[in-house]
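S.K.: sequence first, then the predicted structure, then my questions.
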Amino acid sequence: MPELRRAHVSDHNAIVTRVHQWWGDSRTPEQARELSLLLPKLFLQFFSGTSLVLEDETGIRAFLVGFYAADNDAEAYIHFVGVDPTLRGQGTARRLYTTFFQRAADAGRTEVRAITSPGNSGSIAFHRALGFTLEHGDRTLDGLPLHSDYDGPGQDRVCFVKEITTEL
C-alpha cells in the first residue's frame with residue numbers, strides 16, 4: 001500500500017517529471033511542460049508542510065500541492081493535484097483531498113478553495129462529488145459560473161469552495 005506523507009523540497013524534480021509523464025497522453029510534450037510550470041520549486045520550499053505525496057517502492061504515485069492563506073486564518077487552497085493514471089478511479093485523489101481537509105481543519109481553517117478551467121469537466125465533476133460548491137462568477141457558460149480573465153486575459157476559471165470542520 002502506498003504511503004501518504006508530507007511533501008519535501010527534494011520531491012520537486014520527481015513531481016515535475018510525473019506531470020510530464022502523466023499528462024503526456026492527453027497533451028503535446030510542450031503543453032505538458034507548460035502545465036508543469038504551474039509547479040515552481042517555491043511551492044515546495046514554502047508549502048511542503050501543507051502538501052502531500054503518495055509513494056511506494058516505485059516512487060511518487062500521487063501528489064497534492066496546497067497551502068493555507070497567509071492573509072486570513074479561515075482559508076486553505078488546493079493548487080495542483082496529480083495521480084498516476086494507473087491509480088485513477090481508485091479513490092487516490094479523494095484520499096489526498098480528505099487528508100488535506102482534515103489537516104487544514106485541525107489547523108483551524110474552515111474552508112478550502114480550488115479552481116479549474118471551464119473545459120476540465122472531470123475536475124468539475126470530481127470537486128462537486130467531494131462537496132465543493134461553485135462560486136458565482138461574472139458570467140455563465142453552459143450552466144457553469146465563470147470568472148472571466150481570472151488568470152489573465154482569456155484565462156477564465158471555475159472557482160470552488162468547500163466548508164470544512166474538524167469532524168470530517
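M.R.: That came through, no problem.
S.K.: please name every helix or strand in contact with the helix or strand bottoming out on mean pLDDT in the chain.
M.R.: Ranked by mean pLDDT, DSSP states H and E, the helix or strand of the chain with the weakest confidence is helix 29-36, at a mean of 83. Contacts defined by 3 or more C-beta pairs under 8 Å, 6 or more residues apart in numbering; DSSP states H and E place helix 29-36 against helix 12-22. Heads up, the C-betas are built off the backbone N, CA and C, glycines and all.
S.K.: helices or strands next to the helix it packs on in the packing?
M.R.: helix 29-36, strand 59-68, strand 75-83.
S.K.: output the longest helix that the chain contains as CSV, restricted to C-alpha atoms.
M.R.: Ordering each helix of the chain by length in residues (DSSP state H) puts helix 92-106 first. What follows is helix 92-106, C-alpha atoms only, in CSV (Å, rounded to 0.1, in the frame of the first residue of the first chain):
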residue,chain,number,x,y,z
THR,A,92,-6.4,8.1,-4.6
ALA,A,93,-7.3,11.8,-5.2
ARG,A,94,-10.2,11.5,-2.7
ARG,A,95,-7.6,10.3,-0.1
LEU,A,96,-5.3,13.2,-0.8
TYR,A,97,-8.2,15.7,-0.6
THR,A,98,-9.7,14.3,2.6
THR,A,99,-6.3,14.2,4.3
PHE,A,100,-5.7,17.8,3.3
PHE,A,101,-9.2,18.8,4.5
GLN,A,102,-8.5,17.1,7.9
ARG,A,103,-5.1,18.7,8.3
ALA,A,104,-6.5,22.2,7.3
ALA,A,105,-9.4,21.8,9.8
ASP,A,106,-7.0,20.7,12.5
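S.K.: what angle do it and strand 59-68 make?
M.R.: 30 degrees (axes from the mean of the first three to the mean of the last three C-alpha atoms, to 10 degrees).
S.K.: list the buried residues of helix 92-106.
M.R.: Within helix 92-106, the residues scored as buried using 16 or more other C-beta atoms under 10 Å are T92, A93, R95, L96, Y97, T99, F100, F101, R103, A104, A105.
S.K.: now do the first one against R109, distance only.
M.R.: Taking C-beta to C-beta, to the nearest Å as the criterion, T92 is separated from R109 by 23 Å.
S.K.: next: the third one.
M.R.: Spatial separation of R95 from R109 under the definition C-beta to C-beta is 19 Å.
S.K.: so what pairs up with F160 in the strands?
M.R.: Beta bridges link F160 to A114, L134, judged by DSSP bridges.
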